[in-house]
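> Have a look at this fold, sequence not included:
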């Protein structure tokens, strides 16, 4: 994929309800591409783009007889193709299920044990049947990302408030990425409020520090570094934002995913009669 992926602005269809083919209301980035432009960026024929939009595998909106395609959705698919990772259109889990799974894959079963039996069964079925790369789709809603700016003299103070992820998290897990001076990590919503006053920080669309905010502080209890799957997902998001996958980032994502063993999760007893997950 071209490294200079352009993010152009087209007229936004402001009054159209935007749905996937499955009927779910979609969030759009407000940056839309024509079918031909999306096809150029993906290196496929326009009919393939229309088929992906119709199947809900690209975020898009119908405009009369055609489609406008969300540019972030195109960038995500292009980077996933470059990484050789399937971008399933599976509905993402809520943050509690996502964090229970991510922590269990790193050997910490506390959140998993706290789930109700039906939810445990749902997570178990997914982990038993999916390679780690396929799990990236279901943990997309693991947090709400805030881009912020902070005075250079206060960066280290901000870093102390988060559970490291991204480049720093990959480095802590021993996967070779170093040198990123920006903060990238998780914190609870209450801690974000405190950080605004104590650091202070300011929200900005061009901010280079990424605060990944979870509603419940219990999801992060006891963590010194983010789980491997969360770090891989965050690095993937970096690549999507950049419009390309840097070779070192690709390597780190693959190593992180390769270190995850879904068979190692210690499962509580779950009734076998519960049927397939919802």
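It's in. Everything numeric in this text was worked out from a predicted model, so none of it was measured. Residues are numbered from 1 along each chain as shown.
> For the closest residue to residue 74 other than its chain neighbours, identify the helix or strand it belongs to.
Nearest residue to residue 74, sequence neighbours excluded (Cβ to Cβ, 6 or more residues apart in numbering): residue 38, at 4.9 Å. (C-beta placed from N, C-alpha, C; glycine too.) Secondary structure from DSSP states H and E places residue 38 in helix 35-42.
> Please name every helix or strand in contact with that helix.
Other elements packing on helix 35-42 under the criterion 3 or more Cβ pairs under 8 Å, 6 or more residues apart in numbering; DSSP states H and E are helix 46-54, strand 66-70, helix 71-83.
> wait, which of those is closest to residue 154?
Distance to residue 154, taken as Cβ to Cβ, is lowest for helix 71-83 among the helices and strands packed on helix 35-42, at 30.1 Å.
> now that closest one against helix 46-54, angle please.
Between helix 71-83 and helix 46-54, the angle comes out at 110 degrees (axes from the mean of the first three to the mean of the last three Cα atoms, to 10 degrees).
> and helix 71-83, how far from the chain's centre?
In this view, helix 71-83 has its centroid 12 Å away from the chain centroid, taken as Cα atoms, centre = their mean, to the nearest Å.
> same thing with stretch 151-161?
24 Å.
> Tell me where the chain has helices.
Ranges of helices within the chain are 35-42, 46-54, 71-83, 95-105, 110-114, 117-129, 155-159, 166-172, 189-198, 228-242, 247-258, based on DSSP state H.
> Turn these into CSV, columns for mean pLDDT and mean neighbour count.
Listed next are these as CSV, based on pLDDT from 0 to 100; neighbours: other Cβ atoms under 10 Å:
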stretch, mean pLDDT, mean neighbour count
helix 35-42, 93, 19
helix 46-54, 92, 18
helix 71-83, 81, 22
helix 95-105, 95, 23
helix 110-114, 93, 16
helix 117-129, 89, 17
helix 155-159, 94, 16
helix 166-172, 91, 23
helix 189-198, 91, 14
helix 228-242, 88, 23
helix 247-258, 85, 18
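> Reformat those helices into JSON lines and put distance to residue 146 next to each item.
Formatted as JSON lines, the helices of the chain follow (distance: least, Cβ to Cβ, whole Å):
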{"stretch": "helix 35-42", "distance to residue 146": "28"}
{"stretch": "helix 46-54", "distance to residue 146": "30"}
{"stretch": "helix 71-83", "distance to residue 146": "17"}
{"stretch": "helix 95-105", "distance to residue 146": "15"}
{"stretch": "helix 110-114", "distance to residue 146": "23"}
{"stretch": "helix 117-129", "distance to residue 146": "27"}
{"stretch": "helix 155-159", "distance to residue 146": "12"}
{"stretch": "helix 166-172", "distance to residue 146": "14"}
{"stretch": "helix 189-198", "distance to residue 146": "7"}
{"stretch": "helix 228-242", "distance to residue 146": "13"}
{"stretch": "helix 247-258", "distance to residue 146": "22"}
